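Novice: for reference, the sequence and a predicted model appear below.
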Amino acid sequence: MVTCFLKYEIDPYKVEEFEAYAKMWIPLVNKFGGTHNGYFLPAEGANNIALALFTFPSLAAYEIYRRDSMQDPECIIAFEYAEQTKCIVSYERSFFRPIFNEGN
């Protein structure tokens, strides 16, 4: 299992546009076999940082999602929306493996 952590720098005047973008991606990640763990928008502190977490069964499954999303019409609409609204200034992507307490 691998969890993708995205840290976005967003335009603080376009939080509503970023929220619309985020709502597009949640079902799309799920459509491609991932589990979206949510987007997190600014509330207190920095007004230009947003986060997202989603999980795939493996890094290979994530890579298939990335490849296939580039050809998917709904994903292309989401990519184009972000480009048109310029709600995302930049982003960083990192991958983590979760550890769970197994009843110790």
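Specialist: Received the coordinates, thanks.
Novice: does the strand or helix carrying A52 pack against any helices or strands, and if so which?
Specialist: Assessed by DSSP states H and E, A52 sits inside strand 49-56. Counting contacts by 3 or more CB pairs under 8 Å, 6 or more residues apart in numbering; DSSP states H and E, strand 49-56 packs against strand 2-10, helix 15-31, strand 35-40. Using the backbone N, CA and C atoms, a C-beta is placed for each residue, glycine as well.
Novice: need the pLDDT of the residue nearest to F5 when sequence neighbours are not counted.
Specialist: Once flanking residues are discounted, F5 sits nearest to S94: 4.8 Å by CB to CB, 6 or more residues apart in numbering. On the pLDDT scale, S94 is placed at 97.
Novice: once you drop chain neighbours, what's closest to Y39?
Specialist: Using CB to CB, 6+ apart, the closest residue to Y39 is A22 (3.8 Å).
Novice: list the contacts of the one you found.
Specialist: 39, 41, 50, 52 (CB atoms under 8 Å, 6 or more residues apart in numbering).
Novice: got the phi/psi numbers for P12?
Specialist: phi -60, psi -20 (degrees, to the nearest 10).
Novice: one more: K86?
Specialist: Torsion angles, degrees, to the nearest 10, at K86: phi 50, psi 40.
Novice: next: M70.
Specialist: Dihedral angles (degrees, to the nearest 10) for M70: phi -70, psi -20.
Novice: rewinding a little: just say which of the helices and strands packed on strand 49-56 is most tucked in.
Specialist: Mean neighbour counts were compared across these using mean count of other CB atoms under 10 Å; the top stretch is strand 2-10, at a mean of 18.
Novice: which stretches of the chain have low pLDDT?
Specialist: Residues of the chain that meet the criterion pLDDT under 70 lie in 103-104.
Novice: change it to 90
Specialist: Scanning the chain for pLDDT under 90 picks out 45-46, 98-104.
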